[in-house]
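[1] can you look at this prediction? I've put the sequence above it.
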Amino acid sequence: MIDVVVVGGGPVGLYLAALLLQHGVSVRVLERRDAPNTHSRAIGIHPPSLEALDRIGVASGLVAKGVQIRRGVAIGGGVEVAGMSFHTVSRCYPFVLSIPQARTEAALERRVRELDGGSLMRGATVTGLHDDGAKVAVDVLTSDGESRIHAAFVMAADGVRSTVRQQLAIPLRRKDYPDSYVMGDFADGTAFGPDAALFLEPAGIVESFPLPGGVRRWVARTHRTGADTATARSLAGIVWERTGVAVDAGTNSMLSSFGVRTRLATRMIHGRIVLVGDAAHEISPIGGQGMNLGWLDAAGLAPLLLSLLAHADVERELQRFERQRLRAAAAAVRQSEINMLLGRPLPRALWLARNRLIGYAAGVPGISERVAARFTMHS
């Protein structure tokens, strides 16, 4: 019997697997995809997550390959409204690391394979779960046919459309938002260097983040109909109209549009099965909290799993873990709502007043440090 089956071989599932494998736990990671995902939506790794990733020995390699964002600047009408430094948020990692998710997943997969070359099973779809109170039987479909794996525990890290959550019929708290965005990666022709830039404009926010290799990501709030028909040229046009920054559409290497919604599971623990990451909570991508929230789920859960496998009674600790992580997800939702609110279109008078208020708050050390901590999930 396997100690722990992890359903989902994305960044959260791979990280949890590595944490457990380091302690001699037998793990199987069941990933539906035959090959790694090369499309990178998530790029920001916050300081608490870097501290967590350091526990499995991958943080330093990622830092060496990524861009360290130590400062963000807010601009309105061509004028700097406020600046925010991240130097106080962490002693070890006073920055947000910008690196494509595909590279992060590759580093995590290498670490898992170093620890146990046979632990990751690709092309494996979970078709059924049977928890009898002493173990969990996991039905798996692969190209070789159907099989059954018995595990002491199952961790569901299988994303926002989690088949495990659906099979367990765990209810979701749902909320949809009117916001939609277009984002794309282009050659960086700006002078921002490693800084992030937020353009707070009357027509809606434009965000800009550096990526490795002289690339810059641009994210613009837009109308939902516009998002559906976005092209590299249309996004470059929005950036120029709102910010005056020229983006070369011909250098586009990634383009995506998305709406925003929240989905929060009412519980994470179901007998010997636990939901983590996007399986438990889908958060707005604005603010880059989703992947990081999942890693922190895994970091908090791993010690409890080790205790359970040692037959320790940690029922109260598990209940505390669930309450804390559900609260953390709710806090992430509130932060994402603030982020989206700041980016919505405004009449000029309100836009001016909003930007003045942001500039004033940024000039107060206690407030600016608190805001920096919240933006980097260090609060």
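    Cool, the structure landed. Here the structure is a predicted model, which means the values were calculated and not measured.
[2] grab the nearest non-local neighbour of residue 215.
    Using CB to CB, 6 or more residues apart in numbering and skipping the chain neighbours, the partner closest in space to residue 215 is residue 185 (5.2 Å). Bear in mind the C-beta positions are built from the backbone N, C-alpha and C, glycine included.
[3] pull out the CA atoms of the host helix or strand of the one you found and give them to me as PDB.
    Here residue 185 sits within strand 172-187, counting by DSSP states H and E. Output of strand 172-187 as PDB, limited to C-alpha atoms (Å, rounded to 0.1, in the frame of the first residue of the first chain):
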ATOM      1  CA  LEU A 172     -18.500  25.400  -3.300                       C
ATOM      2  CA  ARG A 173     -19.200  29.000  -2.400                       C
ATOM      3  CA  ARG A 174     -19.300  30.800  -5.800                       C
ATOM      4  CA  LYS A 175     -18.900  34.400  -6.900                       C
ATOM      5  CA  ASP A 176     -18.500  35.800 -10.400                       C
ATOM      6  CA  TYR A 177     -17.100  39.200 -11.200                       C
ATOM      7  CA  PRO A 178     -17.700  41.600 -14.100                       C
ATOM      8  CA  ASP A 179     -13.900  42.100 -14.600                       C
ATOM      9  CA  SER A 180     -12.000  40.600 -17.500                       C
ATOM     10  CA  TYR A 181      -8.400  41.000 -18.600                       C
ATOM     11  CA  VAL A 182      -6.100  40.400 -21.500                       C
ATOM     12  CA  MET A 183      -2.400  39.600 -20.900                       C
ATOM     13  CA  GLY A 184       0.500  39.000 -23.200                       C
ATOM     14  CA  ASP A 185       4.300  38.700 -23.100                       C
ATOM     15  CA  PHE A 186       6.400  40.900 -25.300                       C
ATOM     16  CA  ALA A 187      10.000  42.000 -25.700                       C
END
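[4] would you mark the buried spots in it?
    By neighbour count with 16 or more other CB atoms under 10 Å, strand 172-187 contains the buried residues 172, 179, 180, 181, 182, 183, 184, 185, 186.
[5] make a markdown table out of the residues you listed and add pLDDT and distance to residue 236.
    Listed next are the buried residues of strand 172-187 as a markdown table, based on pLDDT from 0 to 100; distance: CB to CB, whole Å:
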| residue | pLDDT | distance to residue 236 |
| --- | --- | --- |
| 172 | 96 | 37 |
| 179 | 91 | 21 |
| 180 | 93 | 18 |
| 181 | 94 | 15 |
| 182 | 95 | 10 |
| 183 | 95 | 12 |
| 184 | 96 | 8 |
| 185 | 97 | 12 |
| 186 | 98 | 7 |
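[6] how about the nearest residue to residue 63, chain neighbours excluded?
    Spatial nearest neighbour of residue 63, excluding adjacent residues (CB to CB, 6+ apart): residue 97 at 6.0 Å.
[7] packing partners for the helix or strand harbouring the one you found?
    Using DSSP H and E, residue 97 maps to strand 96-98. With contacts taken as 3 or more CB pairs under 8 Å, 6 or more residues apart in numbering; DSSP states H and E, strand 96-98 sits against strand 44-45, strand 67-69, strand 206-211.
[8] next structured bit after it?
    Next along the chain from strand 96-98, counting by DSSP H and E, comes helix 101-115.
[9] quick check: mean pLDDT across that next one?
    Across helix 101-115, the average pLDDT comes to 97.
[10] tell me how far it lies from the chain's centre.
    Relative to its chain's centre, helix 101-115 lies at 16 Å (CA atoms, centre = their mean, to the nearest Å).
[11] and the next helix or strand after that helix, which strands flank it?
    Helices and strands here follow DSSP H and E; after helix 101-115, the next one along the chain is strand 120-122. Strand pairing for strand 120-122, determined by DSSP bridges: strand 27-31 (parallel).
[12] mind exporting the strand it pairs with as CSV, just the C-alpha atoms?
    Written as CSV, here are the backbone C-alpha positions of strand 27-31 (Å, rounded to 0.1, in the frame of the first residue of the first chain):
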residue,chain,number,x,y,z
VAL,A,27,4.1,8.7,-2.8
ARG,A,28,2.4,8.3,-6.2
VAL,A,29,1.6,11.4,-8.1
LEU,A,30,-1.3,10.8,-10.6
GLU,A,31,-1.2,13.4,-13.4
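[13] distance of the nearest residue to residue 23 once chain neighbours are set aside relative to residue 322?
    Spatially, and ignoring its direct neighbours in sequence, residue 23 is nearest to residue 306 (5.7 Å; CB to CB, 6+ apart). Residue 306 sits 17 Å away from residue 322, going by CB to CB, to the nearest Å.
[14] tell me where the chain has helices.
    Using DSSP state H, the helices assigned to the chain run over residues 11-21, 47-54, 59-65, 101-115, 163-168, 224-228, 232-243, 290-309, 315-343, 348-362, 365-375.
[15] determine which stretch of those is the most buried.
    Of all the helices of the chain, helix 11-21 has the most neighbours on average by mean count of other CB atoms under 10 Å, namely a mean of 29.
[16] just want the angle from that one to helix 47-54.
    Between helix 11-21 and helix 47-54, the angle comes out at 40 degrees (axes from the mean of the first three to the mean of the last three CA atoms, to 10 degrees).
[17] what about the closest residue to residue 135 other than its chain neighbours, how many neighbours?
    The spatially closest residue to residue 135, leaving aside those adjacent along the chain, is residue 150, at 5.3 Å (CB to CB, 6+ apart). Residue 150 has 14 neighbouring residues, counting by other CB atoms under 10 Å.
[18] contacts only, for residue 150.
    1, 2, 135, 136, 137, 138 (CB atoms under 8 Å, 6 or more residues apart in numbering).
[19] OK, contacts around the first one?
    For residue 1, the contacting residues are 135, 150, 151, 152, taking CB under 8 Å, 6+ apart as the criterion.
[20] next: the fifth one.
    For residue 137, the residues meeting the contact criterion (CB under 8 Å, 6+ apart) are 128, 129, 130, 148, 149, 150.
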